[in-house]
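[1] predicted structure and sequence below. I'll ask about it afterward.
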Amino acid sequence: MRKIHLAGLAALTVFSLACGAGSGNTGSSVTGGDGKSVEAAAPQESTAVAKVGQTVTLTRDGLGDKTVVDVTVTNAQQSTKEPGDYGSKPEHGVFLALDVTVVCKEGTYDANPFNFKFVAKDGTVSEGAFASGFKPALHATDLSAGQKVAGKIVFDVPQAAIAGGRIQIDGIGLDYDKPAAYWAL
């Protein structure tokens, strides 16, 4: 019976190590328009912080499956109404609309508007708003190396929350529930 327990424990350990090999933080770095690194995460922190307009490179290498993605967030604009004749008004204050471009450099990546969150200075997190008047919207798109997608993401937030706020992008793969990088507004 003891041999069975030890064999089971050994199998569980191997399984845990194999599953854990793909976990950990998605790496991130920030580049300016010239491609030079302008700001990287502190050594104890793996989450880069960029300014709106800068490109963040997300890198994930797990179980021999490497993904490298460049994400750029630009053109932050506030609006008290959706564009169009019948545009709705925000429930929380203003719509914050941003342009996003995602370029898959290596591997595959699921570009998705739900990968982004608005984080206020006080830590309050807001998911994307359903505001279809902001065109073109960023749609969920599976990208392979060499492919890109662009579109708008929109948040419905209190206007006072925008000062000091940040746009968060989630990590890749098993890090989908962890912040990978931020853009400061």
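    That came in fine, so what should we check first?

[2] now this structure, which segments are flagged as low pLDDT?
    Applying pLDDT under 70 to the chain flags the ranges 1-26, 28-29, 31-46.

[3] thought residue 182 was touching residue 54?
    No. Contact criterion C-beta atoms under 8 Å: residue 182 and residue 54 do not qualify, at 10.9 Å. Where C-beta positions appear, they are placed from N, C-alpha and C, glycine not excepted.

[4] max-length strand in the protein?
    Of all segments of type strand in the chain, defined using DSSP state E, the longest is strand 65-79.

[5] quick one: buried residues of that one?
    Neighbour-count burial for strand 65-79, counted by 16 or more other C-beta atoms under 10 Å, picks out 67, 68, 69, 71, 72, 73, 76, 79.

[6] that strand pairs with which strands?
    strand 55-62 (antiparallel), strand 94-106 (antiparallel) (DSSP bridges).

[7] how far does the longest one sit from the chain's center?
    This points to strand 94-106. Strand 94-106 has its C-alpha centroid displaced from the chain centroid by 9 Å (C-alpha atoms, centre = their mean, to the nearest Å).

[8] I figured residue 74 hits residue 99, correct?
    Yes. Look at residue 74 against residue 99 with C-beta under 8 Å: they come within range, at 4.8 Å.

[9] can you check which residues contact both of the two?
    Counting by C-beta atoms under 8 Å, 6 or more residues apart in numbering, no residue touches both residue 74 and residue 99.

[10] the helices in this protein, which residues?
    2-20, 159-162 (DSSP state H).

[11] the shortest one: how far from the chain's middle?
    Which is helix 159-162. 21 Å.

[12] ok, residues contacting that helix?
    78, 93, 94, 96, 118, 120, 121, 122, 124, 126, 185.

[13] which ones are touching the fourth one?
    Shown in contact with residue 96 (C-beta under 8 Å, 6+ apart): 76, 77, 78, 118, 154, 155, 156, 157, 162, 185.

[14] what do you get for the last one?
    If a contact means C-beta under 8 Å, 6+ apart, then residue 185 has 52, 76, 96, 162, 163, 164, 165, 166, 167 as its contacts.

[15] my read: the second one touches residue 52, true?
    Yes. Taking C-beta under 8 Å as the definition, residue 76 is a contact partner of residue 52 at 5.2 Å.

[16] hey, what's in contact with both of those two?
    98, 185.

[17] in the protein, which residue is most central in space?
    residue 169 (1.8 Å; C-alpha atoms, centre = their mean).

[18] and that one, bridged to which residues?
    residue 116, residue 181.

[19] residue 97 versus that one, what's the distance?
    Separation of residue 169 from residue 97 (C-beta to C-beta, to the nearest Å) stands at 16 Å.

[20] can you list contacts of stretch 164-184?
    Residues outside stretch 164-184 that contact it (C-beta under 8 Å, 6+ apart): 22-26, 28, 30, 47-52, 54, 56, 58, 60, 62, 65, 67, 69, 71, 73, 98, 109, 115-121, 125, 153, 157, 185.
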